[in-house]
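Novice: Have a look; sequence and predicted model below, questions after that.
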Amino acid sequence: MARYEYEREQAEKACRYAEELFLAGNIRGAHCHASKAKRLCPSLPGVANAIAAYEVHDAAGRSWRAVLGIRAGDAPTQDAIKKEYRRLSLLVHPDKARCAAAEGAFKLVRRACEEALSSAASGRDTSPPPVPRASAPPNVPRAAAPSPPPMYYAPPREPVLIYCPSCKNEYAAKIGRLEQQAGMKCARCPVWLSPPWQKKPPARKEPTAAPVNVLVRTAARAHAVSKGWDQIDALRFVRCAFEVTEY
């Protein structure tokens, strides 16, 4: 038990140092220390998410295709691209990855998926060439993430009411071209939602219960008939039952 606590403490220190390295621009160093933390304590919360976020930032320095793990010369289908986008989005989503690299990694994954889907639709690779890396001294920080091409324009995303059948919540989400193609994570739960978007079903109206006196009269009348009473006795019994109910 003491060994486990020691290794967990060392893993937490490695994670904190990885964050410091990432903020200083040393993505490779951050990934190295986060991997060390995972080796020391594989069950440490958030360590796998942090590693994935660092890997996304590092891959974005080579090409957008590298972010999704698409090798040069490969021609993945749109379904394969959407599947990888979904996996990475859930892994580096800021709600899951509590690290400084999460938000930037999530945006990079989104941009990479847009580029990959555009390439798959046109039948040619439209992603930019790899960005050359200059060999820098060990203590010289590098940029945390590559800047997108200057002519990139993100289409506006319109707010749309989305209903999640899993958590039963309805909320306004910004939907763009990518969400319409690949779907998105629910903002309230971990479920992945895919178009066409569902609308909140109308509230069910419960049937109005019959008044108690009507039920008593009906039951009393049925009881009188089952006993074979004549009409006068049946009316007396029903009247008596009604008076008891009113009382």
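Specialist: Happy to help now that I have it. Numbers count the residues shown, from 1 in each chain.

Novice: now the closest residue to Gly183 other than its chain neighbours: how far from Val160?
Specialist: Residue nearest to Gly183 in three dimensions, not counting chain neighbours: Ser194, with 3.8 Å by CB to CB, 6 or more residues apart in numbering. For the C-beta atoms, the positions are set from N, CA and C on the backbone; glycine is no exception. Ser194 is 14 Å from Val160, where distance means CB to CB, to the nearest Å.

Novice: Val67 touches Arg110, doesn't it?
Specialist: No: checked against CB atoms under 8 Å, the pair Val67 and Arg110 is beyond contact range at 9.8 Å.

Novice: okay, those two: which has more neighbours?
Specialist: Using other CB atoms under 10 Å as the criterion, Val67 and Arg110 rank with Val67 on top: 28 against 20.

Novice: Could you tell me which residues make contact with the more buried one?
Specialist: By CB atoms under 8 Å, 6 or more residues apart in numbering, the contact list for Val67 reads Val56, Ala59, Ala60, Leu88, Leu108, Val109, Ala112.

Novice: Taking the residues you listed together, which two end up most distant?
Specialist: Farthest-apart pair in the contacts of Val67 is Ala60 and Leu88; separation 11.7 Å (CB to CB).

Novice: related to what we said a few turns ago, for Glu179, see how far away the residue nearest to Gly183 is.
Specialist: 9 Å.

Novice: Then Asn49?
Specialist: For Asn49, the distance to Glu179 - CB to CB - is 22 Å.

Novice: all helices for the protein, in order.
Specialist: In the chain, the segments counted as helices under DSSP state H are 2-23, 27-40, 47-60, 64-67, 78-92, 102-122, 177-182, 212-227, 231-246.

Novice: circling back to that earlier point, between the contacts of Val67, which is nearest Ser226?
Specialist: For the contacts of Val67, the nearest to Ser226 is Leu88 (71.0 Å; CB to CB).

Novice: give me the number of residues near the closest one?
Specialist: There are 24 residues near Leu88, going by other CB under 10 Å.

Novice: Go ahead and confirm it touches Ala59.
Specialist: No: Leu88 lies out of contact with Ala59 (CB under 8 Å); the separation is 10.2 Å.

Novice: picking up where we left off before, let's have the contacts of Val67 in a markdown table, adding distance to Tyr17 and pLDDT.
Specialist: Below are these laid out as a markdown table (distance: CB to CB, whole Å; pLDDT from 0 to 100):
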| residue | distance to Tyr17 | pLDDT |
| --- | --- | --- |
| Val56 | 20 | 93 |
| Ala59 | 22 | 91 |
| Ala60 | 22 | 89 |
| Leu88 | 25 | 92 |
| Leu108 | 23 | 92 |
| Val109 | 25 | 92 |
| Ala112 | 28 | 89 |
